[in-house]
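Asks: The following comprises the amino acid sequence and a computationally predicted model.
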Amino acid sequence: MSLIVVAVAMAVLATSCVRKPVTAPQPPSSDLIVLLRDEDTGNLGRASVSTRFGSVTLDSERQVTRLHPNRPPILSGVMSDTEVAESFGDALSALPLPTLRFTLQFRFDSVELTDEARHLALEIVDTVSKRPFPDVTVVGHADTVGPRDTNFVLGMKRADTVRALFLSAGLDPNSISVSSRGETDLRIRTDDATPESRNRRVEVVIR
Amino acid sequence: MTKYKFWIGSVVLVLTCVSPARAEDSAAIGSIRMSSGSAFLSRGDQTIAARVGEPVLEADTIKTGSDGRLGVTLHDDTRLALGPDSELRLERFAFAPADGRLRLVLKIVRGVAAYVSGQIAKLSPDSVRLETPAAIVGVRGTTLVFRVEPE
């Protein structure tokens, strides 16, 4: 009796195992490359796809190249937005937010931000706090007035000022890194000992 | 005396072998900015979990398992992402515009990947090459998505 029960149970198990692999037919094995409009800039670029059998150029939105083994690449029409989302949504949703770069201007020989820069700094804080895992790089710069060493220190002080402002506005200290380039990375090229307001700055990069 | 020279030589040799590891951080070419499910970073024969904030280096491979997704931002603002069961190698990267050194070579080994061009593509489009096992793709500032079947 118990033997029959076991046999039936095994038979049920076996059939359920066999049935499982019934899935949709596999798509034909071909690689796909699709050109998309850049979401943040609205730009549409161009791409050339070459194999040892030939080449094609993609230059319109959602245009598709299909690569079959041992054949030249072919242009294979245009995908709809829905098809793009179905095929590539997982990867597209994993794209990091774009990198943003800001420049904060300082007063002459000073660690004081200009009024305009102060407003911009608060906008930066707002942007950073909306990102899930922000990474903020703060780099201080000086113009060429004064000795190089002093300008390194001045650049560092400026960067520290911005960092302190960010911290007081509630940003996470672990997400902020600070450094100085002194007068070695001028925005506007000048001779030595030249006052230039555009070189007195802190550059902030948000990733 | 010769014996001493030998020992000094060995010590110097050991030190030179050990020191490159320290240069790692400065050699970073970008970082992991998004990670979900099983997502990994391979360097040489080491594989570690790809956590957000983890730096990536030239020649690293990023990959995902069946439930994984991964996003990377490179120092020139290039952005990359992988869907599940995917693999991409950061073959070459040089971003030193002041010295005119610009190079980006990525190899999409398998799976689903998205690429959004950065400054290297803007400054020198011919310096960017995206490879799949079957094709070489040249870009003029753009977003591209790839599906590469496993070989």
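Replies: Yes, it's here.
Asks: Parallel or antiparallel, which strands does the biggest strand by length in chain B pair with?
Replies: The longest strand of chain B (DSSP state E) is strand B:101-116. Paired neighbours of strand B:101-116 in the sheet (DSSP bridges): strand B:79-82 (antiparallel), strand B:87-96 (antiparallel), strand B:128-131 (parallel), strand B:143-148 (antiparallel).
Asks: which other residues reach the first one?
Replies: Translated: strand B:79-82. The contact list for strand B:79-82 (CB atoms under 8 Å, 6 or more residues apart in numbering or on different chains) reads A:91-96, A:98-99, B:34, B:39, B:62-64, B:68-74, B:88, B:106, B:111-116, B:118. Every C-beta, even on glycine, is put in place using the N, C-alpha and C of the backbone.
Asks: Stretch A:191-199 too?
Replies: With contact meaning CB under 8 Å, 6+ apart, stretch A:191-199 is reached by A:105, A:108, A:141-146, A:183, A:186-188, A:190.
Asks: Could you report the neighbour count for the residue of chain A found nearest chain B?
Replies: Closest to chain B within chain A is A:G45: 2.4 Å, counting by CB to the nearest CB. Look at A:G45: counted by other CB atoms under 10 Å in any protein chain shown, it has 21 neighbours.
Asks: these two touch, right, it and A:D38?
Replies: Yes. If you go by CB atoms under 8 Å, A:G45 and A:D38 touch, sitting 7.2 Å apart.
Asks: Can you pull the poorly scored residue ranges out of chain A?
Replies: A:1-29 (pLDDT under 70).
Asks: circling back: got a list of what the residue of chain A closest to chain B touches?
Replies: A:35, A:38, B:117, B:139-143.
Asks: of those residues, closest to A:V178?
Replies: Nearest to A:V178 among the contacts of A:G45 is B:S117, at 29.1 Å by CB to CB.
Asks: so which helix or strand takes in residue 56?
Replies: Defaulting to chain A. Assessed by DSSP states H and E, A:V56 sits inside strand A:54-58.
Asks: not quite, I wanted chain B
Replies: strand B:55-57.
Asks: among the strands paired with strand B:101-116, which is the most enclosed?
Replies: Comparing these by mean neighbour count (mean count of other CB atoms under 10 Å in any protein chain shown), strand B:79-82 comes out on top with a mean of 27.
Asks: Next, report how far that one is displaced from the centre of its chain.
Replies: Centroid displacement of strand B:79-82 relative to its chain, using CA atoms, centre = their mean, to the nearest Å, is 11 Å.
Asks: again with stretch A:121-133
Replies: Relative to its chain's centre, stretch A:121-133 lies at 15 Å (CA atoms, centre = their mean).
Asks: quick revisit: between A:G45 and A:D38, which contacts overlap?
Replies: B:117, B:141-143.
Asks: quick one: which of those is nearest chain A?
Replies: Nearest to chain A out of those is B:T142 (CB to the nearest CB; 2.4 Å).
Asks: For that closest one, which non-adjacent residue is spatially closest?
Replies: Spatial nearest neighbour of B:T142, excluding adjacent residues (CB to CB, 6 or more residues apart in numbering or on different chains): A:G45 at 2.4 Å.
Asks: Give me the distance between the one you found and A:I206.
Replies: To A:I206, A:G45 is 24 Å away according to CB to CB, to the nearest Å.
Asks: And for A:D90?
Replies: Here the criterion is CB to CB. By it, A:D90 lies 25 Å from A:I206.
Asks: quick one: which of those two has more around it?
Replies: Using other CB under 10 Å, the more surrounded residue of A:D90 and A:I206 is A:D90, with 23 against 18.
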